[in-house]
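# just a sequence and a predicted model for now, questions to come.
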Amino acid sequence: MILDRYIAKTVIMGCLTASFIMLSIFAFVDFVSQLSTVGSGNYGNLQALVFVLLRLPQRLYELAPSVLLLGGILSLGAMAANSELIVMRASGVSTIRITRSVLQTGLLISIIVAILGEFVVPGATRAAKAYRAEAIEEKLIVGGINDIWARDGNRYVNVKQILPDHELHGISVYEISDNYELASIIYAEKAHYLNDEWVLNNIARSDITTTGVNTSFEKQLILKRLILLELFSVLELHAKDMSAKELYIYSHYLQENNLDSAEYQLAFWIKIFTPLTCLAMLLIAMPIVFFTMPRSGGIGQRIMLAVVIGVVYFVFSRSINHLGLALGVIPVLSASIPLVLVTIISLYLMKKVG
């Protein structure tokens, strides 16, 4: 329908404008925070700028609920200022009908946000951290988004995935002889740092000699050195940087080993609820616009209200999340409470609008 397409176009343009404004602010703040590191190794202003740009997908994902709130207010506020909403309602288009069109667009944007968090953010964050570490430490070679290479003497180590708590997956170790010839290749399914040693599991080792290649298999291998812990701490992904799939797998791994998995379960459920939170924040923009529509007190009033709501929601949700972790509340509950409250408040206000 023409009305749906028009509202969708307006809301999308409002969200794009909000994204540009918020990302510009946070990109500037992130760049300033990197200036203290500029000058370390090969890490200059250009490298800091590239690092900040690679981190933008994560920033956009984190800000998505606030972006939809501000974008909804900007777009619907513009329609209100031009009396378009008044004309729609005078033409017999109900508030519920307008809200439905807005939420249809919000659903599409929420799906894009979910795809961003699941497939773009983890890879971009890994690439950003690897790029920064390579420039600062001058000891890494990055072969791709998930391929990390490190050199330790005559040993070259390739790691496919770095997880929290000093755990590596898909490790290949290439040892070079004094004559610069390949001496051996060790492949390990996973490795973890324990008691100042690296413990590699499910090993396939190939020793290259003048007579041929000797291959052997071992359950476990212990190495004193593998990847410098300084590099590890730089490249390690935090729970908020991981995809929902990675969080699910890793939290189950922790549970199977009787380790605390609450932080990763909470991050998993926050990932699940983020697209729904975007919808709820867009929904709350509706009554804000309708309540202020008769008093064109300026778009500034609406924007200020959106900023206040966004900040309050962010602080409240993070406080509930951390309080839930401290009190041992089920992660799905502490992750869903902010969403449920925002939804209830939005529906109540929409009912008042009529």
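Great, that's in hand. Numbers count the residues shown, from 1 in each chain.
# next, the buried residues of stretch 201-215.
203, 205 (16 or more other CB atoms under 10 Å). Using the backbone N, CA and C atoms, a C-beta is placed for each residue, glycine as well.
# what's the average pLDDT for that stretch?
Average pLDDT, stretch 201-215: 90.
# again, but for stretch 2-18
pLDDT averaged over stretch 2-18 gives 94.
# check the offset of it from the chain's centre.
Mean-position distance between stretch 2-18 and its chain equals 25 Å (CA atoms, centre = their mean, to the nearest Å).
# poorly predicted segments of the protein, please.
Filtered on pLDDT under 70, the chain yields the residue ranges 138-147, 230-235, 293-298, 354.
# walk me through the domains of it.
2-137+259-353, 140-227 (automatic domain parsing).
# a markdown table for the ones you listed, including distance to H238?
Below are these laid out as a markdown table (distance: least, CB to CB, whole Å):
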| stretch | distance to H238 |
| --- | --- |
| domain 2-137+259-353 | 8 |
| domain 140-227 | 7 |
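# looking at those domains, which is closest to K245?
Across these, K245 has its closest neighbour in domain 2-137+259-353 (7.1 Å, CB to CB).
# tell me how far the ends of the closest one are from each other?
From its first residue to its last, domain 2-137+259-353 covers 24 Å (CA to CA, to the nearest Å).
# check which residues of the host helix or strand of V308 are buried.
V308 belongs to helix 299-327 when assigned by DSSP states H and E. Using 16+ other CB under 10 Å as the test for burial, helix 299-327 gives 302-303, 305-306, 309-310, 313, 317, 320-321, 324-325.
# of those residues, which is the nearest to L282?
Nearest member of these to L282, counting by CB to CB, is A306, at 11.1 Å.
# ok now the helix or strand containing I21, how far from the chain's centre?
Element membership for I21 (DSSP H and E) is helix 2-34. The chain centre lies 17 Å from the centre of helix 2-34; the measure is CA atoms, centre = their mean.
# please apply the same query to stretch 148-165.
23 Å.
# stretch 75-95 too?
36 Å.
# how long is it end to end?
Across stretch 75-95, first to last residue, CA to CA, it's 16 Å.
# surely M22 touches V67?
Yes. With contact defined as CB atoms under 8 Å, M22 reaches V67; the gap is 6.0 Å.
# neighbour count for the two, which is higher?
Set M22 next to V67 and count neighbours by other CB atoms under 10 Å: V67 wins out with 28 against 20.
# wait, the more buried one sits on F26?
No. Taking CB under 8 Å as the definition, V67 is not a contact partner of F26, at 11.0 Å.
# picking up where we left off before, now what about the helix or strand just after the helix holding V308, what contacts it?
Next helix or strand after helix 299-327 toward the C-terminus (DSSP H and E): helix 331-353. With contact meaning CB atoms under 8 Å, 6 or more residues apart in numbering, helix 331-353 is reached by 95, 99, 262, 265-266, 268-270, 272-273, 276-277, 280-281, 283-284, 286-287, 290-291, 313, 316-317, 320-321, 323-325.
# ok, L49 - how many residues close by?
Around L49 there are 14 residues (other CB under 10 Å).
# follow-up on the earlier one: out of the domains of the chain, deepest packed?
Highest mean neighbour count of the domains of the chain: domain 2-137+259-353, a mean of 18 (counted as mean count of other CB atoms under 10 Å).
# chain center to that one, what's the gap?
Here domain 2-137+259-353 is found 12 Å from its chain centre; the criterion is CA atoms, centre = their mean.
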